[in-house]
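1. next input, structure requested:
(2 chains)
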Protein chains: 2
Amino acid sequence: MHANGQPLTSISAAKVSLTGGYWASRQVINRTVTIPAIYHQLERTGRTDGWHVHENDARHGHRIVDKFWDSDLGKWLEAVGYSLMTHPDPDLEKLADGVIRGIADGQQPDGYLNSYFTVIEPDQKWRNLRDWHELYDAGHLMESAAAYYQATGKRMLLDALTRYADHIDERFGAEAEKRHGYCGHPEVELGLIKLYRTTGERRYLNLAKYFVDERGQSPHYFDLEAAERGEDPRKFWFKTYHYCQAHKPLREQTAATGHAVRAAYLYAGAADVSAHTGDSTLLDALRVIWDDLTSHQMYVTGGLGPAHANEGFTFGYDLPNESAYAETCASIALVFWAKSMFDIDPDSRYTDVMERALYNGTMAGVSYEGQHFFYANPLTSYPYVNPYEHFSGINTAKHYRREEWFDCPCCPPNLARVVANVGAYVLSHSADTLYVHLYTQGSMTAALPTGQIRIDQQTNYPWSGDVQLKMMVDHAVPFTLALRIPNWCPDFEVRVNGSTTSADVVRGYARLTRTWNPGDTVELMLAMPVDRIAAHPKVRHDAGTIALQHGPIVYCLEEVDNGAELANLVIPREAVLRAEFDGTLLGGVGVVTGEAVRAEPLAWSSGLYQPQRVLQYENRPVTFKAIPYSLWANREPGEMRVWMRES
Amino acid sequence: MHANGQPLTSISAAKVSLTGGYWASRQVINRTVTIPAIYHQLERTGRTDGWHVHENDARHGHRIVDKFWDSDLGKWLEAVGYSLMTHPDPDLEKLADGVIRGIADGQQPDGYLNSYFTVIEPDQKWRNLRDWHELYDAGHLMESAAAYYQATGKRMLLDALTRYADHIDERFGAEAEKRHGYCGHPEVELGLIKLYRTTGERRYLNLAKYFVDERGQSPHYFDLEAAERGEDPRKFWFKTYHYCQAHKPLREQTAATGHAVRAAYLYAGAADVSAHTGDSTLLDALRVIWDDLTSHQMYVTGGLGPAHANEGFTFGYDLPNESAYAETCASIALVFWAKSMFDIDPDSRYTDVMERALYNGTMAGVSYEGQHFFYANPLTSYPYVNPYEHFSGINTAKHYRREEWFDCPCCPPNLARVVANVGAYVLSHSADTLYVHLYTQGSMTAALPTGQIRIDQQTNYPWSGDVQLKMMVDHAVPFTLALRIPNWCPDFEVRVNGSTTSADVVRGYARLTRTWNPGDTVELMLAMPVDRIAAHPKVRHDAGTIALQHGPIVYCLEEVDNGAELANLVIPREAVLRAEFDGTLLGGVGVVTGEAVRAEPLAWSSGLYQPQRVLQYENRPVTFKAIPYSLWANREPGEMRVWMRES
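-> Okay, the predicted model is just below:
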């Protein structure tokens, strides 16, 4: 951590073997369904062989999308890498090796590596960093190279990407002879950091830092570059550089703004730069932005970005539910950022948000069966209302459902890589402290200076708050075990070897400092009430409503369980809420049930509007059933609501 | 009416002298502020001299708007015509005469009369009826010609427009040698009917009927026309002919659909065609569409069209408040349609809606001072949220406020003409029945077969439900006086010459059949409770909320009176609501006050979300004050809400 100039150590997914429960079952689906399904789509659309398609290729699609091709491929390779770390699969590895060979073959003699600008518009390389995503593509390929190398030890992709990183480093930077550019869509910062962590090459860290530092400086690179193209810089299609967080230098920014995925990738990359450079000015800025985002601009699901118009942020407390954009990728990016923040500023304020975004906003993005995906994640949904579609006035029923693929398919492979890599979010450690962020059944290892540690976790989390940890160490090891006490948890108990133990909670983690012996057990019992969550009184969209939360899981009501017109279902404040485990539902999930009332007039004669004096109301008692928000739209289509009226 | 093949007779605004109260005061502002302000804008932008500008003229603006120029000018001239009917003004008349001379000078030898296609693209005449508004422009000029001739007896504009109508009639129609086209934006039907009523020339009626009949027939004219231009008809920018109500013939349509102004202009024009042709198949279709619209798709303000995307309808019960488009012109068009429906199917179901749209959705479009205008009319408004603007992610405060002018300024002159012509909506009559629709202070004359009738109305309506009518007839005249009993009125009393009289209410009108003598008085006392209006249980946006209505006036709460965060202000069901007249507010208006509670937690520690178990609530009693919705945004900017939470 920054105090002593040393960030926490992240633990690779390779060190975390998930053996059962929520994440293990999701990883099975990810491995057996999602990763193959995405490969099929990448192959179908020509992306697996991007350097060898031609403009008249039927797979080619239209150009604006093509500029993102390499990123989609990169995220899939990265997911494959993470998956291979714990689940070797020779066929999958062979498939990936073939793709990698195609990429390596496509690399230009000077190291340049982008399929679109190699095949389609070779004379347009590096001419429009603002809009054309070249560095964004590079970043995703770099991330995949690092993951694939760590998983397999194979260097082909890593070598290609370090050559490409060198090519980029020769071209961009502070030196007078270099171009002072950076990407309109942040991401390459994250890729460069991963290359740095993998190769130790400090130039990559420095270049990542340069991209963060240069962003938003004057004279503005995007202005200069537009002028070079003979264009009026003011004719930027999005009208403002807020869109890409380049309206001013990051250290002067105080609010989350613009396109949400760009924003959170930038913040995550900047946090990683801060981690490895010890630059506290970046951390200071990121803390301010974090506070703004989590205090004013985040959905209860960990979704980010209410607006379709900019796929991003608007202003504080503006969190419409039915029209929420809340792109799946933005929640994923928030997971990244939260973890990076924790590792330089260890506090559960980050990992609590990480968990919220992971279980809710992120996991809503993929169907239970694993091959359909949400791009936008509204918190209320009605038949006919499809937040994707420019409504054309045709009165045909339309439910918002997950899709197999998108013209811009950033979300599906992003989901694949985050699920495959979820082990990396379970722990962090310093020289003397092991932080456990996520409770999930499995076996986790970490190398502390005092010894190798393996911890076996047994738990039904997130459906139960009881967690058993067993120290599988070879010999006694002194260290502090820091267990996250989630912010949703009102009370907890810790037992060490069966005896209740007091533990100081420091920055959200219960600290148990001792010399741990082989076989020592820790039991953590987190009280997990079903909570009625209220939103800040300035969130006008949620006034008079509550969201149901049990542990880290945010719930929703669906029409299939509760009938239509969910807006008329009112949960009295005194209603008893029960959490149960339904083993028959979608592979086994927690559900929340309770008593509510249907607040509807007894008879509605005609017309749209009636004075109440002619109406009679009955509050008809009903039992409701809520399921995890992330699992909505897996059964019969219909209405869905997170925020329910209360009385 | 259709039963005997004879529609009711509309009464010209020339026959209605408004002498005080609501409408007279609005007409003073309209005459002295609005009409001059619009002239200033028309002149500033070049529209007053449209046939004589050139492409490089600074006033020229961009082309897409130019295609609507003549319609804006037409509506202003029409407003001037109505105003001159009751308020002669030589200076205004001289100004209008000059504009008319410019129009007449611009007419081509063959009768063609459109400034854009005369000056800018003369080779593009009649090439794109779907998108280019030529017939729409023609219709507005026809309406102005009829009004100006009726007001002044001057024939220059009327002659120009009959020549243009002849030109159009030669070109379009059922005959083999004519083109089978019609306009993408209905309006010319209304203009042709007015020319027919003014000149008696039946060809104009027939042409209006042809345009209604041909609409949506196959082969589809817009397809054929696009093919003639060498375009793919499927590349229609709005993707569907629902947008312009041309997806199928009107007689087969069963729901209000597409662009709301286009829709209501079409329906109004078709009702007029039905009136003069006795075509009951049109009336049957219009009744079905009317029921759909008023039962499923109308805001409580009489606003139409929730969606920005198509400036129009979406689907039943989809009535979002904050993002409501509800274009001012659409409410005005609904006023037209409602009146036309009544005149062929006399029932207060039409005039009740007419009154609702007039006092609320229409009058919200103009500021109290008369020179700022709303285009969209949301029912909830928050700082930062401007339904016009594609939000760009810049966090700057922005209130939704009326504007002086628009790139497409259809609404301001539409408001000017409807306010100037409001007298025309007060009465209708048949041979033996005089229907009074609107109660307002003034003097109204009508020529019945049995004699000339003048009625003097004394009332403070809409702030009071007491109306006195005095028969100013020269001699005893037998007829039925039919007084509208508004659907908001739960109880009424009628006195004739001071004696309580029973009156049958037939289709919403209390009928008093007798021989009326000079000086006879009728007192109508309409009970006018402050009503708590509920929306249909399928309107999810209004669940758990009420709108306040007193008489025909829909109220709203504004931040300036009630503080911010109006979403947290809850009106208990048992709260006593009081209607008062505030003579100091915006020229004197009714206000509604009552007791409410602020339902906010006592202290909100931090963050966006809190479990209710850690919150303490206090329902802090407050007194609220609501003002007429139509007058919102005339004081300090801030929040506004029509639908208030109730408990």
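
2. C-alpha from now on. contacts and neighbour counts both.
-> Noted.

3. need the helices for the stretch 251-400 of chain A, in chain order.
-> Counting by DSSP state H, counting those that start in this stretch, the stretch 251-400 of chain A has these helices, from start to end: A:260-277, A:280-296, A:328-344, A:348-356.

4. and for the closest residue to residue A:84 other than its chain neighbours, the neighbour number?
-> Nearest non-adjacent residue to residue A:84, counting by Cα to Cα, 6 or more residues apart in numbering or on different chains: residue A:151, 6.0 Å away. Using other Cα atoms under 10 Å in any protein chain shown, residue A:151 has 23 neighbouring residues.

5. do I have it right that residue A:151 meets residue A:85?
-> Yes. If you go by Cα atoms under 8 Å, residue A:151 and residue A:85 touch, sitting 4.7 Å apart.

6. before we move on, the earlier item: what's near enough to touch the residue nearest to residue A:84?
-> A:14, A:81, A:82, A:84, A:85 (Cα atoms under 8 Å, 6 or more residues apart in numbering or on different chains).

7. check what pLDDT it gets.
-> As predicted, residue A:151 sits at a pLDDT of 98.

8. again with residue A:308
-> On the pLDDT scale, residue A:308 gets 83.

9. next one: it from residue A:90, what distance?
-> Note on residue A:308: its distance to residue A:90, by Cα to Cα, to the nearest Å, is 41 Å.

10. what do residue A:151 and residue A:85 both touch?
-> residue A:14.

11. just the closest residue of the stretch 251-400 of chain A to chain B, please.
-> Relative to chain B, the nearest point of the stretch 251-400 of chain A is residue A:295 (4.5 Å; Cα to the nearest Cα).

12. what about that residue, neighbour count?
-> 16.

13. domains for chain A, by residue range?
-> A:38-413, A:427-526, A:530-646 (automatic domain parsing).

14. most packed of these?
-> Highest mean neighbour count of the domains of chain A: domain A:38-413, a mean of 21 (counted as mean count of other Cα atoms under 10 Å in any protein chain shown).

15. chain center to it, what's the gap?
-> Taking Cα atoms, centre = their mean, to the nearest Å, one finds the center of domain A:38-413 at 11 Å from the center of the full chain.

16. can you put the domains of chain A in TSV and add distance to residue B:638?
-> What follows is those, written out as TSV (distance: least, Cα to Cα, whole Å):
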stretch	distance to residue B:638
domain A:38-413	15
domain A:427-526	35
domain A:530-646	14
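
17. nearest to residue B:43, of those?
-> Across those, residue B:43 has its closest neighbour in domain A:38-413 (29.9 Å, Cα to Cα).

18. how long is that closest one end to end?
-> 7 Å.

19. and residue A:536, how far from chain B?
-> Distance, residue A:536 to chain B, by Cα to the nearest Cα, to the nearest Å: 5 Å.

20. isn't that residue right next to residue B:605, touching?
-> No. Counting by Cα under 8 Å, residue B:605 is not a contact partner of residue A:536; they are 9.6 Å apart.

21. now do stretch A:605-616: everything it contacts.
-> Stretch A:605-616 is contacted by residues A:601-604, B:294-296, B:298, B:300, B:488, B:531-536 when judged by Cα under 8 Å, 6+ apart.

22. figure out the length between the terminal residues of that stretch.
-> End to end - Cα to Cα - stretch A:605-616 spans 11 Å.

23. pLDDT score assigned to residue A:54?
-> 62.

24. same deal with residue A:390?
-> So, for residue A:390, pLDDT stands at 44.

25. repeat for the one 5 residues further on
-> At residue A:395, the model reports a pLDDT of 39.

26. what's in contact with stretch A:6-24?
-> So stretch A:6-24 is contacted by A:1, A:82, A:85-86, A:151, A:275-276, A:278, A:343-344, A:419, A:421-430, A:440-446, A:459-462 (Cα under 8 Å, 6+ apart).

27. list the buried residues in that stretch.
-> A:6-24 (16 or more other Cα atoms under 10 Å in any protein chain shown).

28. just the C-alpha atoms of it, please, in PDB.
-> Output in PDB follows, covering the C-alpha atoms of stretch A:6-24 (Å, rounded to 0.1, in the frame of the first residue of the first chain):
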ATOM      1  CA  GLN A   6       4.300  -1.000  -1.700                       C
ATOM      2  CA  PRO A   7       0.900  -2.000  -3.200                       C
ATOM      3  CA  LEU A   8      -0.700  -5.200  -2.000                       C
ATOM      4  CA  THR A   9       0.000  -8.300  -4.100                       C
ATOM      5  CA  SER A  10      -2.900  -9.600  -6.200                       C
ATOM      6  CA  ILE A  11      -3.200 -13.300  -6.400                       C
ATOM      7  CA  SER A  12      -3.500 -14.900  -9.800                       C
ATOM      8  CA  ALA A  13      -6.600 -16.900 -10.500                       C
ATOM      9  CA  ALA A  14      -4.100 -19.800 -10.900                       C
ATOM     10  CA  LYS A  15      -3.800 -19.800  -7.200                       C
ATOM     11  CA  VAL A  16      -7.500 -20.100  -6.500                       C
ATOM     12  CA  SER A  17      -9.300 -23.300  -7.100                       C
ATOM     13  CA  LEU A  18     -13.000 -23.000  -6.800                       C
ATOM     14  CA  THR A  19     -14.400 -26.300  -5.900                       C
ATOM     15  CA  GLY A  20     -18.100 -25.700  -5.400                       C
ATOM     16  CA  GLY A  21     -20.900 -23.300  -4.800                       C
ATOM     17  CA  TYR A  22     -21.800 -20.100  -6.700                       C
ATOM     18  CA  TRP A  23     -18.600 -19.300  -8.500                       C
ATOM     19  CA  ALA A  24     -17.500 -22.800  -9.300                       C
END
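
29. model confidence over it, on average?
-> 92.

30. what do you get for stretch A:133-146?
-> Here stretch A:133-146 scores 98 as its mean pLDDT.

31. ok, stretch A:439-453 next?
-> 95.

32. and the gap between the residue sitting nearest the centre point of chain A and residue B:644?
-> In chain A, the centroid-proximal residue (Cα atoms, centre = their mean) is residue A:332; its distance is 0.9 Å. Remark: distance between residue A:332 and residue B:644 (Cα to Cα) = 37 Å.

33. now residue A:17: phi and psi?
-> Main-chain torsions, residue A:17, degrees, to the nearest 10: phi -100, psi 110.

34. kindly export stretch A:504-512 (C-alpha atoms) in PDB.
-> C-alpha atoms of stretch A:504-512 as PDB (Å, rounded to 0.1, in the frame of the first residue of the first chain):
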ATOM      1  CA  ASP A 504     -10.600  -5.500  15.600                       C
ATOM      2  CA  VAL A 505     -12.300  -4.400  12.500                       C
ATOM      3  CA  VAL A 506      -9.900  -2.000  10.700                       C
ATOM      4  CA  ARG A 507     -11.200  -0.400   7.500                       C
ATOM      5  CA  GLY A 508     -13.800  -3.000   7.200                       C
ATOM      6  CA  TYR A 509     -11.700  -6.100   7.800                       C
ATOM      7  CA  ALA A 510     -11.700  -8.200  11.000                       C
ATOM      8  CA  ARG A 511      -8.100  -8.700  11.800                       C
ATOM      9  CA  LEU A 512      -6.800 -12.000  13.400                       C
END
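
35. chain B contacts on the stretch 401-550 of chain A?
-> A:488, A:531, A:532, A:533, A:534, A:535, A:536, A:537, A:538, A:540, A:543, A:544 (Cα under 8 Å from any Cα of the partner chain).

36. which residues does the fourth one contact?
-> I take that to be residue A:533. By Cα under 8 Å, 6+ apart, the neighbours of residue A:533 are A:546, A:547, A:548, A:549, B:609, B:610, B:611, B:612.

37. in strands only, show me these.
-> If you go by DSSP state E, the contacts of residue A:533 have A:546, A:547, A:548, A:549, B:609, B:610, B:611 in strands.

38. as TSV, those residues with distance to residue A:250 and pLDDT would be great.
-> Output for the ones in strands among the contacts of residue A:533, formatted as TSV (distance: Cα to Cα, whole Å; pLDDT from 0 to 100):
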residue	distance to residue A:250	pLDDT
A:546	35	98
A:547	34	98
A:548	36	98
A:549	34	98
B:609	27	97
B:610	30	96
B:611	34	96
